[in-house]
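Chemist: All I have is the shape, not the residue letters:
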């Protein structure tokens, strides 16, 4: 286990060195600029829009980091030939894969935590500056703790994207890995349509294929609770657990598959 | 640092400044020489809300916000445009996409219905689309009594159909979330059908309960329009009495004042003098008044 943690710590330090924290600065500036600009552009609704924008930005930046660092986790070690010295140490290939994965997930979680803090600071500022009669029209408080549920599920989505990027990087080039990860990410958001292809006029065979693909690919739609939390609607713990559990199983499948493929690769 | 490297650094700085000035100068020349292409007609590339929902890949809420901002800006730009024929045809599709991307976007339904039903030239004058938007909102949030209030409002104010308005108010009043004044409002609308009193009650309620400042301002403007209508109803017989005495309509309010029929030039609630047509003798709010046009003129 300690070998896994050593690899994970290495990935975390590398990410910091690769200026990943710069995106946090970008996020903070975006949030602050948005809060001032949107108040001028919108007819009311600035608090809703800032909430939406913050969650969308956190998700998008997280996905980009997960993809573009994830695809390099293995490839970089192979390109730099450091994989030879790494594998000569007392570390198994599955520990290597798991360590790499945990390291990037740790980076993303740290990233997401800082973004959530910046998000709440901007919302608290907005809350402080808004007259009480305007706040009466808000569906939920500006600093509603329920927003953390959206951040938590964004974290789960990022865990899947990281696992996908890592999986593809174990057997393909960085470019192809990025393309395939993005493709699965897109399919994950279209997934609900695959289940009901017959409603689009598809033949029974195609509809059956669609249903098969629906179960084969992870469904990312249940992870998107932005609209619900922003409108102050309840998101049940059961929903959170089920959605996270389902994605967790896909992550486990991908990590096992990554290990299996990586173990077959010849680095001698 | 050697003299040579200092000279090289100075050269780099000079090159930087000269090139930057050159780039800005070229940009200025381009701006003066070329007219930026602006399409004669607006284009909405994706009109299907369902397709848009798929294209945004889970970023539905933020995409709805973008469409909402676009709808408000589109309405404002069209309203303020100097064009003879104002075209609001994209307003409903934009609101439709907004509310499909975020079906709980409360203000898009309520504010959108006001914008859609606003009479031409201040809006598209489409109460039918306003009702369709509110019905969509009710399908998404059946317990939202405000949508029933707004639908009744559109029927009462823009369609002049108190019976349909009362029906909406009654339906809304049956919801457990509805305020206790909604049912009496339905009765009042039916009893007063077409009278200004019911309209005044409606706008006063909205001015007091609307969630958004813009809606409250709109309600206050409507109340001012009702005040103006009431004053016009008093001024018109005065102008007619001038005609009865002189067999012609007055050239302006000064003549009416000189004749001692009114004490001073009558001003509407925004402080702009009422218009007086010397040919027909018709009294109305002036075209440069923010109260123009009055509903009765539509």
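Modeler: In hand now; what should we look at? Note that the structure is predicted; figures quoted are calculated from it, not measured.

Chemist: what comes up buried for the helix or strand harbouring residue A:105?
Modeler: For residue A:105, the element it lies in under DSSP states H and E is helix A:93-129. Of all the residues in helix A:93-129, those buried under the rule 16 or more other Cβ atoms under 10 Å in any protein chain shown are A:93-108, A:110-112, A:114-116, A:118-120, A:122-123, A:126. Where you see a C-beta, it was placed from the backbone N, CA and C, and this is true even at glycine.

Chemist: average pLDDT across the host helix or strand of residue B:20?
Modeler: When elements are assigned from DSSP H and E, residue B:20 belongs to helix B:3-33. Per-residue pLDDT over helix B:3-33 has a mean of 89.

Chemist: how about the residue lying closest to residue B:225 once chain neighbours are set aside, secondary structure?
Modeler: Nearest-residue entry for residue B:225: residue B:291, 5.1 Å, with adjacent residues in sequence omitted and distances by Cβ to Cβ, 6 or more residues apart in numbering or on different chains. For residue B:291, the secondary-structure state derived from DSSP: H, G, I helix; E, B strand; the rest coil is coil.

Chemist: Look at residue B:291 and say how many residues are nearby.
Modeler: Neighbours of residue B:291 under the rule other Cβ atoms under 10 Å in any protein chain shown: 21.

Chemist: who touches the nearest residue to residue A:231 once chain neighbours are set aside in this structure?
Modeler: Nearest in space to residue A:231, with sequence neighbours left out and distances taken as Cβ to Cβ, 6+ apart, is residue B:104 at 4.5 Å. Contacts were defined as Cβ atoms under 8 Å, 6 or more residues apart in numbering or on different chains; by that measure residue B:104 touches A:227, A:231, A:233, B:140-141.

Chemist: which of the residues you listed tops the neighbour count?
Modeler: For the contacts of residue B:104, neighbours tallied by other Cβ under 10 Å; top is residue A:227, 20 neighbours.

Chemist: just checking, it touches residue B:62?
Modeler: No. Judged on Cβ atoms under 8 Å, residue A:227 makes no contact with residue B:62 at a distance of 10.0 Å.

Chemist: Now name the helix or strand holding the residue of chain A positioned farthest from its centre.
Modeler: Among the residues of chain A, the one whose C-alpha is farthest from the average of all C-alpha positions is residue A:133, by Cα atoms, centre = their mean at 37.0 Å. Taking DSSP H and E as the criterion, residue A:133 maps to helix A:132-135.

Chemist: For residue B:241, which residues are in contact?
Modeler: The contact partners of residue B:241, by Cβ under 8 Å, 6+ apart, come to residue B:261.

Chemist: Enumerate the residues of chain A near chain B.
Modeler: On the criterion Cβ under 8 Å from any Cβ of the partner chain, chain B has as its neighbours in chain A the residues A:38, A:41-45, A:48-49, A:52-53, A:55-56, A:59-60, A:134, A:136-137, A:139, A:185-186, A:189-190, A:193, A:220-221, A:224, A:226-227, A:230-231, A:233.

Chemist: If any of those residues are buried, give me the PyMOL selection for them.
Modeler: The following PyMOL command selects only the buried members of the residues of chain A next to chain B, with burial defined by 16+ other Cβ under 10 Å:
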select buried, chain A and resi 38+42+43+44+45+48+49+52+53+55+56+59+60+137+185+189+190+193+220+224+226+227+230+231
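
Chemist: quick one: residue B:269 from residue B:224, how far?
Modeler: If you measure residue B:269 against residue B:224 using Cβ to Cβ, to the nearest Å, the figure is 4 Å.

Chemist: shared neighbours of these two, which are they?
Modeler: Counting by Cβ under 8 Å, 6+ apart, the contacts common to residue B:269 and residue B:224 are residue B:291.

Chemist: can you count the residues close to residue 6?
Modeler: You didn't pick a chain, so chain A it is. Tallying neighbours of residue A:6 according to other Cβ under 10 Å, which is how burial is gauged here, yields 14.

Chemist: think we crossed wires, I meant chain B
Modeler: Using other Cβ under 10 Å as the criterion, residue B:6 is surrounded by 10 other residues.

Chemist: go on, residue A:172?
Modeler: A total of 16 residues lie near residue A:172 under the criterion other Cβ under 10 Å.

Chemist: Which of the three states applies to the residue lying closest to it once chain neighbours are set aside?
Modeler: By the measure of Cβ to Cβ, 6+ apart, the closest residue to residue A:172 outside its immediate chain neighbours is residue A:180, 7.0 Å from it. In terms of secondary structure, residue A:180 is helix; the call rests on three-state DSSP.

Chemist: quick one: residue A:180 and residue A:257, what's the gap?
Modeler: Residue A:180 is 13 Å from residue A:257, where distance means Cβ to Cβ.

Chemist: what does residue A:2 give?
Modeler: Here the distance between residue A:2 and residue A:257 works out to 25 Å (Cβ to Cβ).

Chemist: try residue B:19
Modeler: For residue B:19, the distance to residue A:257 equals 53 Å [Cβ to Cβ].

Chemist: mind showing which ranges of the stretch 151-268 of chain A have poor pLDDT?
Modeler: For the stretch 151-268 of chain A, applying pLDDT under 70 flags the ranges A:267-268.

Chemist: Show me where it has its helices.
Modeler: Per DSSP state H, counting those that start in this stretch, the stretch 151-268 of chain A carries helices over the ranges A:174-195, A:204-216, A:226-230, A:237-264.

Chemist: Would you mark the buried spots in the first one?
Modeler: Right, helix A:174-195. When burial is assessed from 16+ other Cβ under 10 Å, helix A:174-195 yields the following buried residues: A:174, A:177-178, A:180-181, A:184-185, A:187-191, A:193-194.

Chemist: Widest-spaced pair of those?
Modeler: Greatest spacing in the buried residues of helix A:174-195, by Cβ to Cβ: A:174 and A:193 (29.8 Å).

Chemist: Find the centremost residue of the chain, please.
Modeler: All of this refers to chain A. Taking Cα atoms, centre = their mean as the criterion, residue A:158 is the residue nearest the geometric centre of chain A, at 1.9 Å.

Chemist: Let me rephrase: I mean chain B.
Modeler: The structure's chain B has its C-alpha centroid closest to residue B:115; by Cα atoms, centre = their mean the separation is 4.6 Å.

Chemist: What is the helix or strand that that one is a member of packed up against?
Modeler: In the assignment (DSSP H and E), residue B:115 maps to helix B:106-117. In this structure, helix B:106-117 makes packing contacts with helix B:60-80, helix B:91-101, helix B:127-140, helix B:145-157, helix B:213-246, judged by 3 or more Cβ pairs under 8 Å, 6 or more residues apart in numbering or on different chains; DSSP states H and E.

Chemist: Whether the first one contacts chain A - can you check?
Modeler: Read that as helix B:60-80. Yes. Helix B:60-80 comes into contact with chain A when judged by Cβ under 8 Å from any Cβ, the residues involved being B:60-62, B:64-65, B:68-69, B:72-73.

Chemist: ok and the residue in chain A nearest chain B?
Modeler: Residue nearest to chain B within chain A (Cβ to the nearest Cβ): residue A:137, separated by 3.1 Å.

Chemist: That residue belongs to a helix?
Modeler: No. Under three-state DSSP, residue A:137 falls outside any helix and is assigned coil.
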